[in-house]
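Participant: here is a sequence with its predicted model. Questions after.
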Amino acid sequence: MMTPREIVVVIVLAAGAVWTWYLSQSSDDEESATPSFDASQRGYYLRAARILGTGPDGSLLYELQAREAEQLGQDRIAFTDVHLDYSPQSDVPWSVNADSATIHTDEPVVLLEGQVRAISSEGFSGNDTEIRTEYLEVYPEEFLAETDDRVQIRIGERSLTATGMLASLQDNQIKLKSNVRGKFAP
């Protein structure tokens, strides 16, 4: 049988163990509730974003407007509900819309995705022109647009479909890559 003194020591030790366990549980809960951030996760988020691209001489070349912009990592920016216009001084009458876009800070290309539409009232052959695709790479400084995906092109009353294209937006020239099909009205 235990002496009263031994019983008190066992109770004090048990209470200490329970108290230590309780403290360790509450500190674990606090640590898990506090999110940890490292420098690579920090970035910016903008609404009603407007990006101005300049040419080699510093003059305004194009304007990219988006409903939202978010920095992803150190070198990538993602945009939603995108509208890209060349400046009037560039003499490129094209306007491009897309569901989303991505720009890499070290690459001179705008990657457009989701219901991409390039429209010009002074398009190819002087007719209203519309290019539709799901993915388009626009090289703003070179005035080029390229895709390997399926494209639908409407030039006035004529329409074409193809797989892949390369368009020179400044010169109003287009090269279709493969599987070209067309419909021409008399």
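Facilitator: Yep, that arrived. Note that the coordinates shown come from a computational prediction; the quantities given were computed from them, not determined experimentally.

Participant: residue 68 pairs with what?
Facilitator: Beta-bridge pairing of residue 68 under DSSP bridges involves residue 47, residue 80.

Participant: going forward, begin numbering at 351 instead of 1
Facilitator: OK, 351 is where the count begins now, so the last one is residue 418.

Participant: residue 396 is in contact with that one, correct?
Facilitator: Yes - assessed by CB atoms under 8 Å, residue 418 is found in contact with residue 396 at 6.7 Å. Quick note: C-beta positions are derived from backbone N, CA and C, even for glycine.

Participant: starting from the helix or strand containing residue 453, tell me the next helix or strand along the chain.
Facilitator: Assigned by DSSP states H and E, residue 453 belongs to strand 444-454. Later in the chain than strand 444-454, the nearest helix or strand by DSSP H and E is strand 460-470.

Participant: check the offset of stretch 501-518 from the chain's centre.
Facilitator: 25 Å (CA atoms, centre = their mean, to the nearest Å).

Participant: got the CA positions of that stretch in CSV?
Facilitator: Extracted in CSV, the C-alpha atoms of stretch 501-518 (Å, rounded to 0.1, in the frame of the first residue of the first chain):
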residue,chain,number,x,y,z
VAL,A,501,-8.7,28.4,-86.0
GLN,A,502,-11.8,29.9,-87.7
ILE,A,503,-11.2,32.9,-89.9
ARG,A,504,-13.9,35.1,-91.3
ILE,A,505,-12.9,37.6,-93.9
GLY,A,506,-16.0,39.5,-95.1
GLU,A,507,-18.4,36.9,-96.3
ARG,A,508,-15.7,34.2,-96.7
SER,A,509,-14.8,31.8,-93.9
LEU,A,510,-12.0,29.4,-93.4
THR,A,511,-11.0,26.8,-90.8
ALA,A,512,-7.5,25.4,-90.4
THR,A,513,-5.2,23.8,-87.9
GLY,A,514,-2.6,26.4,-87.0
MET,A,515,-1.8,29.8,-88.4
LEU,A,516,0.8,32.6,-88.4
ALA,A,517,-0.6,36.1,-88.8
SER,A,518,1.4,39.3,-89.4
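
Participant: what comes up buried for it?
Facilitator: By 16 or more other CB atoms under 10 Å, the buried positions in stretch 501-518 come out as 501, 503, 504, 505, 510, 512, 514, 515, 517.
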